[in-house]
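S.K.: Attaching a predicted model along with its sequence, questions to come.
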Amino acid sequence: MSGHFTQSDFVPLNLAILTVSDSRTEETDKSGDTLRTMATKAGHNVVEKCIVPDDVYQMRAVVSRWIADSNVHVVVSTGGTGITGRDSTPEAMLPLFDKEIEGFGELYRTVSLEEIGASTIQSRCVSGLANGTLIFCLPGSTGACRTGWSKILEAQLDIRTRPCNFAQMFPRLLEE
């Protein structure tokens, strides 16, 4: 095994958090605040947090800026993953991905099943890699954000997680 898989000290990553909502403000954005709190508590740096309406082009504009910034390692979004007419986060993000991480949505729905039952089928969580930046799109509820962070992201963004994790892939995500 090569040396980058043997890291034993925590390595903080720089995260950007995107809340997708037509109605939330900084004062009412409990999901985005929950993600920021959990990421910070885990030792990561939240370098930016933004709220945008459920508009494909506004989402892409913000995330495109973040994936062009080498200081942003991970983008976590909340909201817009349902099936109503205004829910368009997957449609906004999928064209930006260089590689989709198909297992993320599958795993999210599996762990969410324990909490909300079959209603988890309405969660269109997606994840991918864009310009060396990991992007994870979670549903908009605070509970969904807690589930996604505590059951998947916290461990996968911790370089100490074995047998493997996303954090150990930096800076190799841009290799040809």
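M.R.: That came through fine. Being a predicted model, the structure only gives us computed values, none of them experimental.
S.K.: low pLDDT regions in this structure?
M.R.: Within the chain, the stretches with pLDDT under 70 are 1-7, 173-176.
S.K.: quick one: buried residues of the top helix by length along the chain?
M.R.: Using DSSP state H, we find that the single longest helix of the chain is helix 102-116. Within helix 102-116, the residues that qualify as buried by neighbour count (16 or more other C-beta atoms under 10 Å) are Phe104, Gly105, Leu107, Tyr108, Arg109, Ser112, Ile116. C-beta: built from backbone N, CA, C; applies to glycine.
S.K.: again, but for stretch 68-86
M.R.: Val72, His73, Val74, Val75, Val76, Ser77, Thr78, Gly79, Gly80, Thr81, Gly82.
S.K.: Need those residues in TSV (columns: distance to Gly32).
M.R.: Compiled in TSV, the buried residues of stretch 68-86 are given as follows (distance: C-beta to C-beta, whole Å):
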residue	distance to Gly32
Val72	16
His73	18
Val74	14
Val75	12
Val76	9
Ser77	9
Thr78	6
Gly79	9
Gly80	12
Thr81	14
Gly82	17
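S.K.: now those as JSON lines including secondary structure and distance to Arg124?
M.R.: Converted to JSON lines, the buried residues of stretch 68-86 look like this (DSSP: H, G, I helix; E, B strand; the rest coil; distance: C-beta to C-beta, whole Å):
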{"residue": "Val72", "secondary structure": "coil", "distance to Arg124": "23"}
{"residue": "His73", "secondary structure": "coil", "distance to Arg124": "24"}
{"residue": "Val74", "secondary structure": "strand", "distance to Arg124": "20"}
{"residue": "Val75", "secondary structure": "strand", "distance to Arg124": "17"}
{"residue": "Val76", "secondary structure": "strand", "distance to Arg124": "16"}
{"residue": "Ser77", "secondary structure": "strand", "distance to Arg124": "12"}
{"residue": "Thr78", "secondary structure": "strand", "distance to Arg124": "13"}
{"residue": "Gly79", "secondary structure": "coil", "distance to Arg124": "11"}
{"residue": "Gly80", "secondary structure": "coil", "distance to Arg124": "9"}
{"residue": "Thr81", "secondary structure": "coil", "distance to Arg124": "5"}
{"residue": "Gly82", "secondary structure": "coil", "distance to Arg124": "7"}
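S.K.: re earlier: list the contacts of the longest helix of the chain.
M.R.: When contacts are taken as C-beta atoms under 8 Å, 6 or more residues apart in numbering, the neighbours of helix 102-116 outside the stretch itself are 120-121, 123-127, 136, 138, 143-144, 147-148, 151-152.
S.K.: Keeping just the C-alphas, turn it into CSV.
M.R.: Only the C-alpha atoms of helix 102-116 are listed here, as CSV (Å, rounded to 0.1, in the frame of the first residue of the first chain):
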residue,chain,number,x,y,z
GLU,A,102,-23.4,6.4,-7.7
GLY,A,103,-23.1,4.6,-4.4
PHE,A,104,-23.7,7.8,-2.4
GLY,A,105,-27.4,8.1,-3.2
GLU,A,106,-27.9,4.4,-2.7
LEU,A,107,-26.1,4.4,0.6
TYR,A,108,-28.0,7.5,1.8
ARG,A,109,-31.4,5.9,1.0
THR,A,110,-30.3,2.7,2.8
VAL,A,111,-29.3,4.4,6.0
SER,A,112,-32.3,6.8,5.8
LEU,A,113,-34.7,3.8,5.4
GLU,A,114,-34.1,3.0,9.1
GLU,A,115,-35.2,6.5,10.1
ILE,A,116,-38.1,7.5,7.7
